[in-house]
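Q: my questions are about this predicted structure, shown below with the sequence.
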Amino acid sequence: MSALTGRVLVDPIEIYIGYDKREAAAYYACQQSIIETCSNRDRLTFHPVTGDLRDGSNAFTYGRFLVPYRSGFKGAAIFLDGDMIVRSDITELWNHRRMGYGAYVVKHPDYVTKHPIKYLGYHNPNYPRKNWSSVILWDCSFFPNRILTPRFVGEQTGAFLHRFKWLDDNRIGELPPEWNRLVEEQPVRASDKLLHYTIGTPCFAEYADCDAAEEWHETKARMLAPIES
């Protein structure tokens, strides 16, 4: 409790979202969807995740693995790719945290892409644990995550990082599949809590009419709507 206000202090919900200037609208639409659906808006804290195009298709390919470092290896945090909209209260995802796990992810068993080429002409190869790292509920204080310094991350391959090879398999927790529904790869369901436009966000002309595109466009429109006086 704060001695100044007499209020109980509640930890913020730390949200890190991938930002790429080539699809900046996606970042802000994702943020809009979280704010709209969250029951604890006053606890939300947003951080953009950027980086370089070392060998990935977006600028936050490696930056996501520095979230524990950016958090001072304390507390918890959620990382989301920017090409997403959240349909359900992010507090529910936040509350999946349990002691003893370095990260929680949706594990997408036996996932093989239907689209070998995705947005901007990037190759979309299959690999083990594909898309696990697109939604991460981090325990930033989990001791093995302390290896994730800028130097360490900069020295590792994408295969090592995206497969969470610094963690024992039994320290990677599992999120329900509705928290990372892969649009254009999986059928979109009314029960899905997070839509991931992994093949291409509707901000790109060639994906403007993809599955569930209307929902994304409506979210963007609400984000841009003028404030009524």
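A: Happy to help now that I have it.
Q: chain center to the helix or strand that contains I17, what's the gap?
A: Per DSSP states H and E: I17 is located in strand 13-18. Between the centre of strand 13-18 and the centre of its chain there are 7 Å (Cα atoms, centre = their mean, to the nearest Å).
Q: ditto for stretch 110-121
A: Centroid separation between stretch 110-121 and its chain, computed with Cα atoms, centre = their mean, is 18 Å.
Q: pLDDT value on the spatially most central residue of the chain, please?
A: In the chain, the residue lying closest to the centroid (Cα atoms, centre = their mean) is L80, at 0.9 Å. Note on L80: pLDDT of 98.
Q: what of A221?
A: Confidence score, pLDDT, at A221: 96.
Q: show me where pLDDT drops low in the chain?
A: Applying pLDDT under 70 to the chain flags the ranges 1-9, 52-59, 229.
Q: show me the helices in it, by range?
A: Along the chain, counting by DSSP state H, helices occupy 24-37, 67-70, 90-94, 150-155, 158-162, 213-224.
Q: how about those helices, which one is nearest F204?
A: helix 24-37 (9.2 Å; Cβ to Cβ). Placement of C-beta: from N, CA and C, glycine included.
Q: tell me which stretches of this structure form strands.
A: Assigned by DSSP state E, the strands in the chain fall at 13-18, 44-49, 76-80, 84-86, 103-105, 135-139, 172-174, 181-182, 194-196.
Q: tell me which of the ones you listed is the most buried.
A: strand 84-86 (a mean of 26; mean count of other Cβ atoms under 10 Å).
Q: run through who's touching stretch 167-185.
A: 93, 96, 98, 100-108, 111, 113-115, 131, 134-135, 137, 142, 144-145, 164, 188-189, 191-200, 210-212 (Cβ atoms under 8 Å, 6 or more residues apart in numbering).
Q: the same query, at a cut-off of 7 Å, please.
A: 93, 96, 98, 100-107, 113-115, 131, 134-135, 137, 144, 164, 188, 191-199, 210-212 (Cβ atoms under 7 Å, 6 or more residues apart in numbering).
Q: ok so, going back, need the strands of the chain in TSV with distance to I35, can you?
A: Formatted as TSV, the strands of the chain follow (distance: least, Cβ to Cβ, whole Å):
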stretch	distance to I35
strand 13-18	10
strand 44-49	7
strand 76-80	13
strand 84-86	9
strand 103-105	22
strand 135-139	18
strand 172-174	26
strand 181-182	20
strand 194-196	14
